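*Asks:* I would like the atomic coordinates for the input below:
(4 chains)
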Number of protein chains: 2
Amino acid sequence: MAKRERGTLSRAEIVKVALEVAEADGAEALTFRRLGPALGVAPTAVLRHFRDKDELLLAIGAQLLEHALSEVDTDEPDWRKRIMSLARASRRAFVTHPRVAALVATRTLRQEAEFRTVELIIGALEQAGLHGRAAASMYRAVADTILAWTAFEANVHAVGLDVMDRDGLAWTREYVVLPADRYPHIRNVAEHLSDVNREDQFELALELILDAVEMRAKPI
Amino acid sequence: MAKRERGTLSRAEIVKVALEVAEADGAEALTFRRLGPALGVAPTAVLRHFRDKDELLLAIGAQLLEHALSEVDTDEPDWRKRIMSLARASRRAFVTHPRVAALVATRTLRQEAEFRTVELIIGALEQAGLHGRAAASMYRAVADTILAWTAFEANVHAVGLDVMDRDGLAWTREYVVLPADRYPHIRNVAEHLSDVNREDQFELALELILDAVEMRAKPI
DNA sequence: ACCTGAACACCGTTCAAGT
DNA sequence: ACCTGAACACCGTTCAAGT
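*Replies:* Purely as a prediction, here's the structure:
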């Protein structure tokens, strides 16, 4: 706990160290009392830069989204690829920091990074041929699906890391041994349930929605 | 805090009162220390029926899903309607108890109610014409989308109730005033953004996916 | 202006003791 | 067998005091 010179603490550094702490020891370790020492400072010093814990979490979320956005190729001419690129980048950023992501994914961040995300999606949909009300409506369906899936995955990951021992890894195994007379449909596909991983499902769900977007934009 | 006779405390009653407490005072009020008095019992007495708080939350989640399932018309012959009915019932159950739902939605509950849900969805997909690996894969896409959206909405609701003052209700208002030169696409549809509500989006996103399911099951 | 240290009002969980 | 009460090891946040 080397003491540091006064005035050298910044919001940026706090966010960075907070991510490290959460990554290393879990979201429940992300407390002011641990964060202080990790920064070489008293626990309450952080409160001089963030009004409360919620404001800190919001800043962390913004940072995550910022990083995801920086990886998106905004010059990609194909609108579907642009949306998929954004979706994958978001997923990657959140799954990399699942414990923090779970805490912030559902917050409206209301910051630069979020506005740019919205702009990107609406632009893609307009290119696809949707405008006005239809574009607004579809934007919410697409954006919220990406966000919902991303948040969901982050949560599952975070919980998975925390209670893996209790819940067990192979949940699909339980489905295989269910009584066939009461669960005939499950039995039919049980052997395939463990093959599918969540990343594939995320891609599939999104592709399904974009298929439908395309159909509605340019009806046959 | 009328004392109660010994041996009258049950898991069922604890779950019921826990839901009431959370509903009334928020998820952060769902503590053993408040739950005890609400049950007319010492705070630690609850720990005789649930190993820890996580086990209590799991039981609450199971109860929510159970209730949702009881409202689904499983005899409905149209597979699309059956899935939509399940989705709406889940949404309703979770949005009714957003603060608790947010805490439990991402847990694999691994209980009776969950198995029946899976059985229902796979049965619907088989009726649609999907089998084996394709059915398993699509089941995950559909089920996880319902779950992700439901969890997401519950979270948004819960956060909304908790930090409504700070975040403000009319987030869409901020989008209307964004500089048009930097966000031209947003500006194009800004006036329509506030029209769409989340329930419509949930329905839309699901219909989009089911459209695509139908297309893949019976290709043109 | 920025940071510290003590204090306040909480948590979940354990455990010896009561009935 | 079931419940209580005290105790332990934590939280976020406030606030007077230091530099």
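*Asks:* how far does the longest helix along chain A sit from the chain's center?
*Replies:* In chain A, taking DSSP state H as the definition, the longest helix is helix A:132-167. Computed by C-alpha atoms, centre = their mean, to the nearest Å, the chain-centroid distance of helix A:132-167 equals 7 Å.
*Asks:* now stretch A:12-23
*Replies:* Between the centre of stretch A:12-23 and the centre of its host chain there is 17 Å, according to C-alpha atoms, centre = their mean.
*Asks:* What of stretch A:179-199?
*Replies:* 27 Å.
*Asks:* ok, so what distance separates the residue of chain A at minimum distance from DNA strand C from A:Leu35?
*Replies:* As assessed by C-beta to the nearest atom of the strand, DNA strand C sits closest to A:Ala42 within chain A, at 2.8 Å. C-beta coordinates here come from the backbone N, C-alpha and C atoms, glycine included. Distance of A:Ala42 to A:Leu35, given as C-beta to C-beta, to the nearest Å: 10 Å.
*Asks:* try A:Glu191
*Replies:* 47 Å.
*Asks:* Who has more neighbours out of those two?
*Replies:* A:Leu35 (22 against 14; other C-beta atoms under 10 Å in any protein chain shown).
*Asks:* got the contact list for A:Val189?
*Replies:* When contacts are counted by C-beta atoms under 8 Å, 6 or more residues apart in numbering or on different chains, A:Val189 touches B:122, B:131-133, B:135-136, B:139.
*Asks:* re the thing from before, tell me which strands and helices the longest helix of chain A is in contact with?
*Replies:* helix A:79-96, helix A:98-104, helix A:112-128, helix A:198-217, helix B:132-167, helix B:184-193, helix B:198-217 (3 or more C-beta pairs under 8 Å, 6 or more residues apart in numbering or on different chains; DSSP states H and E).
*Asks:* Highest mean neighbour count out of these?
*Replies:* With neighbours defined as mean count of other C-beta atoms under 10 Å in any protein chain shown, the helices and strands packed on helix A:132-167 peak in mean count at helix A:98-104, which reaches a mean of 24.
*Asks:* close to DNA strand D, is that helix?
*Replies:* No. Helix A:98-104 is not in contact with DNA strand D by C-beta under 7 Å from any atom of the strand; minimum separation 11.1 Å.
*Asks:* if we can go back for a sec, of all the helices and strands packed on helix A:132-167, which lies closest to A:Leu56?
*Replies:* Nearest to A:Leu56 among the helices and strands packed on helix A:132-167 is helix A:98-104 (9.9 Å), distances taken as C-beta to C-beta.
*Asks:* Using the record's assignment, carve chain A into domains.
*Replies:* A:1-51, A:69-216 (automatic domain parsing).
*Asks:* Turn these into TSV, columns for mean pLDDT.
*Replies:* Output for those, formatted as TSV (pLDDT from 0 to 100):
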stretch	mean pLDDT
domain A:1-51	90
domain A:69-216	83
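*Asks:* now those domains in CSV, with distance to B:Val156?
*Replies:* Listed next are the domains of chain A as CSV, based on distance: least, C-beta to C-beta, whole Å:
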stretch, distance to B:Val156
domain A:1-51, 19
domain A:69-216, 5
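*Asks:* got a list of what the residue nearest to A:Glu191 when sequence neighbours are not counted touches?
*Replies:* Closest residue in space to A:Glu191, ignoring its immediate chain neighbours: A:Val176 at 7.2 Å, by C-beta to C-beta, 6 or more residues apart in numbering or on different chains. Contact analysis of A:Val176 by C-beta under 8 Å, 6+ apart lists A:190-191, A:193.
*Asks:* Could you do A:Trp79 as well?
*Replies:* Listed by C-beta under 8 Å, 6+ apart, the contact partners of A:Trp79 are A:123-125, A:127-128.
*Asks:* Within reach of DNA strand C, which of those are there?
*Replies:* The subset of the contacts of A:Trp79 within reach of DNA strand C, counting by C-beta under 7 Å from any atom of the strand, is empty.
*Asks:* Which of these sits closest to B:Ala18?
*Replies:* Of the contacts of A:Trp79, the one sitting nearest to B:Ala18 (C-beta to C-beta) turns out to be A:Leu125, at 42.6 Å.
*Asks:* Output the set of residues of chain A in proximity to DNA strand D.
*Replies:* So chain A meets DNA strand D at A:29-34, A:43-44, A:47, A:52-54 (C-beta under 7 Å from any atom of the strand).
*Asks:* can you narrow these to ones near chain B?
*Replies:* For chain B, the contacts drawn from these by C-beta under 8 Å from any C-beta of the partner chain are A:Asp54.
*Asks:* Pull up the residues of chain A that are close to DNA strand C.
*Replies:* Near DNA strand C, when you scan chain A using C-beta under 7 Å from any atom of the strand, you find A:3, A:6-9, A:36, A:41-42, A:44-45, A:48-49.
*Asks:* Could you dump those into JSON lines and include distance to B:Ala148?
*Replies:* Below are the residues of chain A next to DNA strand C laid out as JSON lines (distance: C-beta to C-beta, whole Å):
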{"residue": "A:Lys3", "distance to B:Ala148": "46"}
{"residue": "A:Arg6", "distance to B:Ala148": "46"}
{"residue": "A:Gly7", "distance to B:Ala148": "44"}
{"residue": "A:Thr8", "distance to B:Ala148": "42"}
{"residue": "A:Leu9", "distance to B:Ala148": "37"}
{"residue": "A:Gly36", "distance to B:Ala148": "36"}
{"residue": "A:Val41", "distance to B:Ala148": "38"}
{"residue": "A:Ala42", "distance to B:Ala148": "40"}
{"residue": "A:Thr44", "distance to B:Ala148": "38"}
{"residue": "A:Ala45", "distance to B:Ala148": "38"}
{"residue": "A:Arg48", "distance to B:Ala148": "38"}
{"residue": "A:His49", "distance to B:Ala148": "34"}
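*Asks:* Neighbour count and secondary structure for the residues you listed - can I get that in a markdown table?
*Replies:* Shown next, in a markdown table, are the residues of chain A next to DNA strand C (neighbours: other C-beta atoms under 10 Å in any protein chain shown; DSSP: H, G, I helix; E, B strand; the rest coil):
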| residue | neighbour count | secondary structure |
| --- | --- | --- |
| A:Lys3 | 7 | coil |
| A:Arg6 | 8 | coil |
| A:Gly7 | 6 | coil |
| A:Thr8 | 10 | coil |
| A:Leu9 | 17 | coil |
| A:Gly36 | 17 | helix |
| A:Val41 | 20 | coil |
| A:Ala42 | 13 | coil |
| A:Thr44 | 10 | helix |
| A:Ala45 | 17 | helix |
| A:Arg48 | 10 | helix |
| A:His49 | 16 | coil |
